[in-house]
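J.: Give me a 3D structure for the following:
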Amino acid sequence: AATVRLARSRAAALDRDGPLGTCLGAMDSDYTIRPAIAADIDALVSFTLAEARDAERRTLDVAGARRGVEAAFDSPPRATYWVAQTGAGRVVGSMSVVTEWSNFLGGDYWWVQSLYILPEHRGQGLVDQMLAYLSARAMAAGAIDLRLYGYNTNERALPAYQRCGFEVSPYIMLTKPLRR
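T.: Residues are numbered from 1 along each chain as shown. Here you go, the predicted model:
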């Protein structure tokens, strides 16, 4: 698969109109975004497994994904989840955030750990609505940045993130696997 090429500078990036980029933001929508609750865990696990298949062509261990999702409902929580639901109450998407403390700036970065939308609900502005919602929550909480990393072949998601104001960072992500 081809690697998605993203703009690497403000000048080359898409024109933006503020911290939410050109996301649709507060649009008329049949979707509602709300904090996830324990009753959403099965859907969140299903979305996590599907996101790994879609974005990285990976098959995750179901028990490991469940442990990861359930940790968001521990005390203290390891992550915070929100879900997008239809007017009929069907959960059709989710996103989660973890925070990282910056000793340079004395505040938190909010990292979008996951974002998934069922295929039949894509292309309707829901990702824009979800990221605008999350951006507003992050700003209200005093976050420094909203950050994410995306798989370099995710040809659908990466341009959507840029449209919503995300820019390619000057950092390179490195990883050292500790378990196989």
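J.: Can you give me the buried ones in the helix or strand hosting W110?
T.: Using DSSP states H and E, W110 sits in strand 107-117. Burial within strand 107-117, assessed by neighbour count using 16 or more other C-beta atoms under 10 Å, is assigned to D108, Y109, W110, W111, V112, Q113, S114, L115, Y116, I117. C-betas here are computed from N, CA, C, even on glycine.
J.: Look up the closest residue to the fifth one, ignoring the ones flanking it.
T.: Nearest non-adjacent residue to V112, counting by C-beta to C-beta, 6 or more residues apart in numbering: L148, 3.8 Å away.
J.: ok, now the last one?
T.: Excluding the flanking residues, the one nearest I117 by C-beta to C-beta, 6+ apart is G93, at 3.9 Å.
J.: show me what contacts the residue lying closest to Y31 once chain neighbours are set aside?
T.: Spatial nearest neighbour of Y31, chain neighbours left out: A84 (5.0 Å); criterion: C-beta to C-beta, 6+ apart. Listed by C-beta atoms under 8 Å, 6 or more residues apart in numbering, the contact set of A84 reads Y31, T32, I33, V91, V92, G93, S94, I117, H121, L126, Q129, M130.
J.: Any idea what A84 is bridged to?
T.: Judged by DSSP bridges, the bridge partners of A84 are I33, G93.
J.: Check what pLDDT R5 gets.
T.: On the pLDDT scale, R5 is placed at 38.
J.: again, but for the one 4 residues further on
T.: Model confidence at S9, given as pLDDT, is 35.
J.: How about D61?
T.: 96.
J.: can you check R78 too?
T.: Turning to R78, the model gives it a pLDDT of 94.
J.: Please pull out the lowest mean pLDDT helix or strand from this structure.
T.: Here the helix or strand of the chain ranked lowest by mean pLDDT, DSSP states H and E is helix 157-163, holding a mean of 92.
J.: Against which helices or strands is that helix packed?
T.: If you count contacts as 3 or more C-beta pairs under 8 Å, 6 or more residues apart in numbering; DSSP states H and E, helix 157-163 packs onto helix 126-140.
J.: The helix it packs on: which residues count as buried?
T.: Neighbour counts over helix 126-140 (16+ other C-beta under 10 Å) mark L126, V127, D128, Q129, M130, L131, A132, Y133, L134, S135, R137, A138 as buried.
J.: Name the nearest of those residues relative to F166.
T.: Lowest distance from F166 to the buried residues of helix 126-140 (C-beta to C-beta) belongs to L131, with 8.3 Å.
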